[in-house]
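Trainee: sequence and predicted structure, then a few things I'm wondering about:
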Amino acid sequence: MSLQNRIINHFTSSIRTQQDALSSLGELIEFASQRLVATLLNDKKIVACGNGRSAAVAQLLSSAMLNQYERDRPSLPAIALTTDTITITAIANDYHCDDIFAKQLRALGQSGDILIAYTDGNNSANIAKAITTAHDKDISVIALTGNNGGMIAPLLHESDLEIRVPSNSSIHIQEVQTMITHCLCDLIDHQLFGG
């Protein structure tokens, strides 16, 4: 296969996954944005976590909330549990890698906050533990998953929301999760600040 054909295959496959996600997830994304807006209007915060490239998407969300998405507006309370390498490595060293998000969430999360958990592999024990901790603290969960939902889907309560990307490709799942995050940021800004 030529290099150009490989490029075409990447784009074509990504576009197909995004189209599938649009047709199956549009309403869930809208509902998630409304839940996030309600959280912010109640003076609560958004807490996000993810592993590897999913950590980058969690940080993208937090950055867009704290700074801006596409326009100047007041900062919105959000934190990515993926950014403090000293804390993360200390928890992993002193306790276990499975605790890196849960331990932070126990200290920083408050009842009424909302956790956005990003995972592409769906079998991340540290994400699972964060979800369990969120439930213990009366924090609702929006889980962005893929594939078949893995070990994450069964952990979710009826009041939680799963946005499952219809793909088993980690790369395409993360691409769509980034697009979903951009949609959420835009919808939050639109609902809170108009335009």
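Mentor: Noted; the coordinates are in hand.

Trainee: dump the residue contacts of residue 182.
Mentor: Neighbouring residues of residue 182 by C-beta atoms under 8 Å, 6 or more residues apart in numbering: residue 69. All C-beta atoms are positioned from the backbone trio N, CA, C, and that covers glycine.

Trainee: could we number from 32 for the rest of this?
Mentor: Yes, from this point I'll number from 32; that puts the last item at residue 213.

Trainee: ok, it to residue 100 distance?
Mentor: 8 Å (C-beta to C-beta, to the nearest Å).

Trainee: quick one, helices of this protein?
Mentor: Assigned by DSSP state H, the chain shows helices spanning 34-72, 84-97, 116-125, 133-139, 156-167, 201-224.

Trainee: pull the number of nearby residues for residue 34.
Mentor: 7 (other C-beta atoms under 10 Å).

Trainee: hmm, I was thinking of residue 202
Mentor: Residues contacting residue 202 under the criterion other C-beta under 10 Å number 14.

Trainee: which residue comes closest to residue 184 once chain neighbours are left out?
Mentor: The spatially closest residue to residue 184, leaving aside those adjacent along the chain, is residue 193, at 6.0 Å (C-beta to C-beta, 6 or more residues apart in numbering).

Trainee: check that neighbour and give its pLDDT.
Mentor: On pLDDT, residue 193 comes in at 97.

Trainee: bridge partners for it, pull those for me.
Mentor: Counting by DSSP bridges, residue 193 is bridged to residue 174.

Trainee: distance check, it against residue 177.
Mentor: Taking C-beta to C-beta, one finds residue 193 at 10 Å from residue 177.

Trainee: of those two, which one has the most company?
Mentor: Each of residue 193 and residue 177 has its neighbours counted (other C-beta under 10 Å); residue 177 has more, 28 against 17.

Trainee: contact partners for the more buried one?
Mentor: Residue 177 sits next to 150-151, 153, 195-199, 201, 204, 207-208 when contact means C-beta under 8 Å, 6+ apart.

Trainee: pLDDT (mean, whole number) over stretch 35-47?
Mentor: The average pLDDT for stretch 35-47 rounds to 95.

Trainee: same question, stretch 103-111
Mentor: Mean per-residue pLDDT for stretch 103-111: 97.

Trainee: also stretch 215-226?
Mentor: 94.

Trainee: what residues sit buried inside stretch 200-214?
Mentor: By neighbour count on 16 or more other C-beta atoms under 10 Å, the buried set for stretch 200-214 is 200-201, 203-214.

Trainee: likewise stretch 47-60?
Mentor: Residues 48-49, 52, 56, 59-60 are the ones in stretch 47-60 that count as buried (16+ other C-beta under 10 Å).

Trainee: measure residue 166 to residue 218 for me?
Mentor: Applying C-beta to C-beta, the value for residue 166 to residue 218 is 25 Å.

Trainee: now residue 175
Mentor: Distance from residue 175 to residue 218, by C-beta to C-beta: 15 Å.
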